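Asks: Sequence plus the predicted model coming up.
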Amino acid sequence: MQQRLNCVLDADIRTAVSQGSARGGNVPVPSSATPPQRADRGSVRTREEETASAAPRREALKPKKPRSVGRRRPPGRPRAFDHSVLRFIAAMGAAASRTVVRRFWTNRGAAASGGSRVIQALQRKGLIESVRVAPMLGGASRTVLRLTRAGYVEIGRRMGQTHVRAWASDEARDLAATWADCFSEFQADGWTVAQGPAAFDALRRCAAARYRTRSLSDTDLVFRDRVRKAPPVPMPVPVFTHAADANVWLVVRVAPDRNLRRWLDKFLPLRLFAPLPVLIVSSSPMDGDRIARDLKAWQRLRRIELSVRYAPSFMAQPNPFDAPATGQDRYLAARGIGVAALELPDI
């Protein structure tokens with residue numbers, strides 16, 4: 001009896017000690033607690049098989065090239081028109097900042113803000129410099145741009161005396177800016193500029209085309225044949241020609257110190273092609289009355305008829321920043337080529 005009691009007590013003591021050591025102390029473990037269950041081998045293999053089968057579907061849905069690659073721009077500011085802007089200002093001698101913005105951005109249907117950023121970047125690089133036409137107006141004044149020596153080096157040219165004379169005075173600078181604005185607007189309307197023998201051929205075609213619009217007398221037939229067979233003569237000015245018809249304009253840039261009556265005597269060899277269509281480009285609209293008097297006196301003296309048209313000053317052009325971005329390229333519509341491929345005359 002005593003031996004059986006000792007065995008029961010020894011069994012209870014061993015059970016209590018084993019339970020206390022399993023919990024790290026003498027805290028009893030509740031009988032309702034269940035040990036963590038581990039996944040069997042079959043369920044693990046099934047999950048791996050599902051993951052492996054889904055991977056090809058995810059790879060098929062993933063694009064081969066990231067979607068942002070097509071929209072990604074090269075680092076830095078785009079330089080598409082830097083060289084074209086420098087070439088245009090160099091060819092004109094000087095150009096108003098609004099003319100540059102209108103030529104390379106507004107006329108292409110783009111926003112004008114891109115043009116101002118490009119001009120500011122070129123100024124920071126020291127390739128162009130600007131001067132205010134009316135300094136008393138401050139930031140509201142029109143600005144005229146020209147290339148620095150570093151700008152001419154950038155396009156592979158040298159600053160000659162012709163470019164220096166374009167900034168010899170305010171009148172010469174404004175004349176160059178008005179010519180740049182007139183040239184840009186004519187090109188946007190589909191006109192091309194011709195010089196030398198090509199200009200004479202264009203003027204001769206224009207004069208011969210006048211005889212095709214009416215019935216001709218014997219005298220008209222004689223003059224038409226003389227026009228068609230007229231030998232080439234040196235052209236003192238460039239000529240605007242239009243691809244859609246035979247119209248031309250002789251470009252006369254009236255310098256502030258030029259004796260216009262004496263200079264117009266260069267047109268005497270062209271008497272046969274009268275009336276001569278003349279486009280007057282002046283430095284200021286204030287000179288209009290003086291130019292009109294000189295033209296009238298010269299026509300009366302030389303008995304040569306002129307058909308005169310005045311180019312508007314660059315100061316009279318509308319603000320390109322007020323024009324919305326239309327997306328319509330005037331150069332592609334009129335000429336079928338972009339603005340960067342248009343021809344540029346030398347000053």
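Replies: Good, I have the coordinates.
Asks: shaky segments in the stretch 1-150 of the chain?
Replies: 1-80, 139-140 (pLDDT under 70).
Asks: Go again with 90.
Replies: 1-84, 90-94, 106-116, 130-143, 146, 148-150 (pLDDT under 90).
Asks: Identify the residues contacting residue 108.
Replies: 329, 330, 331, 338, 339 (CB atoms under 8 Å, 6 or more residues apart in numbering). (Glycine included, C-beta is placed from N, CA and C.)
Asks: what's the closest non-adjacent residue to residue 285?
Replies: residue 313 (5.2 Å; CB to CB, 6 or more residues apart in numbering).
Asks: mind listing the helices in the stretch 201-347 of the chain by residue range?
Replies: 218-228, 260-263, 288-302, 330-334 (DSSP state H, counting those that start in this stretch).
Asks: I'd like the ones you listed as JSON lines, with distance to residue 321, mean neighbour count and mean pLDDT appended.
Replies: JSON lines is the format used below for those (distance: least, CB to CB, whole Å; neighbours: other CB atoms under 10 Å; pLDDT from 0 to 100):
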{"stretch": "helix 218-228", "distance to residue 321": "47", "mean neighbour count": "12", "mean pLDDT": "86"}
{"stretch": "helix 260-263", "distance to residue 321": "36", "mean neighbour count": "15", "mean pLDDT": "85"}
{"stretch": "helix 288-302", "distance to residue 321": "28", "mean neighbour count": "14", "mean pLDDT": "89"}
{"stretch": "helix 330-334", "distance to residue 321": "17", "mean neighbour count": "16", "mean pLDDT": "84"}
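Asks: Mind putting the ones you listed into a markdown table with distance to residue 119?
Replies: Formatted as a markdown table, those follow (distance: least, CB to CB, whole Å):
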| stretch | distance to residue 119 |
| --- | --- |
| helix 218-228 | 47 |
| helix 260-263 | 34 |
| helix 288-302 | 31 |
| helix 330-334 | 20 |
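Asks: now that we're looking at residue 146, how far away is residue 107 from it?
Replies: Taking CB to CB, to the nearest Å as the measure, residue 146 falls 21 Å from residue 107.
Asks: Then residue 100?
Replies: Counting by CB to CB, the gap from residue 100 to residue 107 is 11 Å.
Asks: Looking at the two, which one has more neighbours?
Replies: residue 100 (27 against 23; other CB atoms under 10 Å).
Asks: tell me the domain ranges of the protein?
Replies: 79-168, 170-316+336-347 (automatic domain parsing).
Asks: Make TSV out of those domains and add distance to residue 323.
Replies: Below are these laid out as TSV (distance: least, CB to CB, whole Å):
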stretch	distance to residue 323
domain 79-168	5
domain 170-316+336-347	13
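Asks: Count the residues that sit near the residue nearest to residue 340 when sequence neighbours are not counted.
Replies: Excluding the flanking residues, the one nearest residue 340 by CB to CB, 6+ apart is residue 84, at 4.5 Å. For residue 84, the count of nearby residues is 19 (other CB under 10 Å).
Asks: measure residue 84 to residue 227 for me?
Replies: According to CB to CB, residue 84 stands 39 Å off from residue 227.
Asks: and if you look at residue 99?
Replies: Distance check for residue 99 against residue 227: by CB to CB, it reads 37 Å.
Asks: Against residue 99, how distant is residue 86?
Replies: 14 Å.
Asks: in the stretch 151-300 of the chain, which spans are strands?
Replies: Here the stretch 151-300 of the chain has its strands, by DSSP state E, counting those that start in this stretch, at 191-194, 239-242, 248-254, 276-282.
Asks: Run the angle between the third one and helix 288-302 for me.
Replies: In this structure, strand 248-254 runs at an angle of 120 degrees to helix 288-302, with axes from the mean of the first three to the mean of the last three CA atoms, to 10 degrees as the basis.
Asks: Provide the strand pairings for strand 248-254, with the direction of each partner.
Replies: Take DSSP bridges as the rule and strand 248-254 pairs in its sheet with strand 239-242 (antiparallel), strand 276-282 (parallel).
Asks: Which one of the ones you listed lies nearest to residue 127?
Replies: Ranking these by proximity to residue 127 (CB to CB) places strand 276-282 first, at 26.5 Å.
Asks: what's the distance between the closest one and the middle of its chain?
Replies: Centroid separation between strand 276-282 and its chain, computed with CA atoms, centre = their mean, to the nearest Å, is 28 Å.
Asks: hmm, who's touching that strand?
Replies: 175, 178-179, 182, 203, 206, 240, 247-254, 267, 270, 288, 291, 295, 304-311, 313.
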